[in-house]
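Student: A predicted structure for the sequence below; I have some questions about it.
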Amino acid sequence: MRSETAQRGGRARLSPEVRRGEILDAAEVLLVAHGGFPLPLEALARAAKVSKALIYAYFPNQHDLANALLARRFAALLATGLEAAAARTNLFDAAQACGALYFDEVAQAGPVAHIVLRDPFMAGRIDPELAAVRDRLARRLARLGRLTLRLSPKEAVAALSLMTTIPEEAGRLVHAGDLTPERGHELTTRLIGSSLRALTPDL
């Protein structure tokens with residue numbers, strides 16, 4: 001019985017889906033280490049154990065590669081229930097739930113989504129469908145923050161952006177091995193909570 005890694009000529013022959021996944025696995029690790037795009041394709045090819053030509057076959061350019069990485073990380077986040085967390089009607093509940101899920105994502109995979117979204121290399125190149133997902137979630141939280149904290153629209157967006165750095169940085173430290181997952185989760189919860197309390201009127 002043959003698996004998808006059926007042997008031919010002494011070498012494992014992987015399906016296109018598995019091979020694509022392995023390239024993305026290697027690209028995530030390299031992106032976190034490198035800090036941005038473009039990635040050195042020679043290093044990516046070595047890490048993925050493929051040729052540069054094969055990388056181009058799957059990803060004709062590095063904008064395509066970056067969007068594939070972002071789509072993968074967004075899919076992972078949505079699978080954890082991020083959209084439902086952002087739809088909660090209580091700001092404290094929504095922010096804590098979203099923060100915990102984002103912390104877990106970054107702790108496991110590194111700040112991949114953050115790098116792709118903020119890299120000047122990707123300015124104007126983010127897939128519109130992925131940008132729509134990001135904007136939909138951000139609008140929900142910003143609207144809730146505006147109503148609860150009595151902030152202007154710009155202030156609500158700024159507060160959301162600043163609070164996003166809490167789970168992001170805590171997760172990055174866990175991913176790098178500088179913080180335990182338990183401590184990272186605790187700090188994320190406490191810092192988001194204290195930030196919201198500090199911004200809440202009449203407290």
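Tutor: Nice, thanks for sending it over.

Student: can you pull out the strands in the chain?
Tutor: Taking DSSP state E, the strands of the chain run over residues 7-8, 11-12.

Student: Quick check: phi and psi at residue 127.
Tutor: The phi and psi torsions at residue 127 (degrees, to the nearest 10) take the values phi -50, psi 130.

Student: Not counting sequence-adjacent ones, nearest residue to the residue sitting nearest the centre point of the chain?
Tutor: The centre of the chain sits closest to residue 113, judged by Cα atoms, centre = their mean, with a distance of 3.1 Å. Nearest non-adjacent residue to residue 113, counting by Cβ to Cβ, 6 or more residues apart in numbering: residue 73, 4.4 Å away. Any C-beta I mention is one placed from the backbone N, CA and C, and that applies to glycine too.

Student: For that neighbour, list the residues it contacts.
Tutor: If you count contacts by Cβ atoms under 8 Å, 6 or more residues apart in numbering, residue 73 has them with 105, 109, 112, 113, 116.

Student: Could you check how far it is from residue 179?
Tutor: 20 Å (Cβ to Cβ, to the nearest Å).

Student: on that earlier part again, wouldn't the residue nearest to the centre of the chain be in contact with residue 72 here?
Tutor: No - look at residue 113 against residue 72 with Cβ atoms under 8 Å: they stay out of range, at 9.2 Å.

Student: so where's this structure shaky on pLDDT?
Tutor: Within the chain, the stretches with pLDDT under 70 are 1-12, 203.

Student: Break down it into its helices, ranges please.
Tutor: Under the criterion DSSP state H, helices of the chain are mapped to 16-34, 41-48, 52-58, 62-79, 82-86, 91-109, 112-118, 128-149, 153-175, 181-199.

Student: Show me which residues of the last one are buried.
Tutor: Put plainly, it is helix 181-199. For helix 181-199, the neighbour count (16 or more other Cβ atoms under 10 Å) marks 184, 185, 187, 188, 189, 191, 192, 195, 196, 199 as buried.
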